[in-house]
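Trainee: Here is a sequence together with a model predicted from it:
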Amino acid sequence: MRTNTVIKRRGYASIGLVCPKNRFNIGGVMRAAYVYNAAMIAIEKARYKKQPEDTPQAWRHIPVLHTIEDIFSVIPYDAVPVAVDLLDGATPLPEFTHPDRAFYIFGPEDGTLGKRIVNRCKSKIYIPTRSCMNLAATVNVVLYDRILKRKEY
C-alpha cells in the first residue's frame, strides 16, 4: 500500500535582499517567503512598508528585519550564505544542491550584489535564462527549486 508521506527534513531557508529598488518586488518576495515556508526575510538598506502584493501578510508570520546596514550581521547561526546573481563561475540552479540551512542573498533589480557580498558567500548560483528576471520571480524560482529537490512538498 502506498501512502503520501512527506519526508520532514531539518533546516530552513532564509532570504536576504540587498538594496531592493521596487516596493512591488519586496511584496512579491514576502509572499513567496510565506508560500514556500521561509524562516526569515532580511532587507539591507531599504525602507519597509506594508506591501499590497503581500496578500498573506507575511510580516505577521515571518520575521522581517529591515533597514539592516550589513546583511551578514543578521545571518542565522550556521547558515550557508548563497549569492543569487548572474555571476561568472556561479553554479546553474538546476545543478545546485541546496544546503540544509541556507541564507539566500539577492541583489537589487538594477544592479548586482558586488564583491562585498559575493566574496563572503560560500555558494554562488544563477538561474539560466535568456535575460535577467525580476527580484520576486527569482526568489520564487529559487525557493520552489529548494522544496522540489528536497522533497519538502
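Mentor: Perfect, I can see it now. From a predicted model like this one, the values you see are computed outputs, not experimental measurements. Residues are numbered from 1 along each chain as shown.

Trainee: Buried residues in whichever helix in the chain runs longest, which are they?
Mentor: The single longest helix within the chain, with elements called by DSSP state H, is helix 135-149. For helix 135-149, the buried set under the neighbour-count rule, 16 or more other Cβ atoms under 10 Å, comprises 135-143, 145-147. Every C-beta, even on glycine, is put in place using the N, C-alpha and C of the backbone.

Trainee: okay, those in CSV with pLDDT and distance to residue 98 next?
Mentor: As requested, these are arranged in CSV below (pLDDT from 0 to 100; distance: Cβ to Cβ, whole Å):
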residue, pLDDT, distance to residue 98
135, 93, 19
136, 93, 19
137, 95, 18
138, 96, 15
139, 97, 14
140, 97, 15
141, 98, 13
142, 98, 9
143, 98, 10
145, 98, 7
146, 97, 5
147, 96, 9
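
Trainee: Specify which member of these is nearest to residue 100.
Mentor: residue 146 (10.5 Å; Cβ to Cβ).

Trainee: Can I get the worst-scoring helix or strand of the chain on mean pLDDT as CSV, trimmed to CA atoms?
Mentor: With mean pLDDT, DSSP states H and E as the measure, the helix or strand of the chain carrying the lowest mean pLDDT is strand 64-68 (a mean of 81). Provided in CSV are the C-alpha atoms of strand 64-68 (Å, rounded to 0.1, in the frame of the first residue of the first chain):
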residue,chain,number,x,y,z
VAL,A,64,11.1,40.7,8.6
LEU,A,65,14.3,42.6,9.5
HIS,A,66,14.5,45.9,7.7
THR,A,67,17.0,48.7,7.2
ILE,A,68,19.9,46.4,8.0
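
Trainee: List the neighbouring strands of that strand plus their orientation.
Mentor: Listed by DSSP bridges, the sheet partners of strand 64-68 and their directions read strand 40-44 (parallel).

Trainee: Need the mean per-residue confidence for the partner strand.
Mentor: Taken as a whole, strand 40-44 has an average pLDDT of 93.

Trainee: same question, stretch 23-37
Mentor: Looking at stretch 23-37 alone, the average pLDDT works out to 88.

Trainee: Quick one: low-confidence residue ranges for the protein.
Mentor: Scanning the chain for pLDDT under 70 picks out the ranges 1-9, 46-59.
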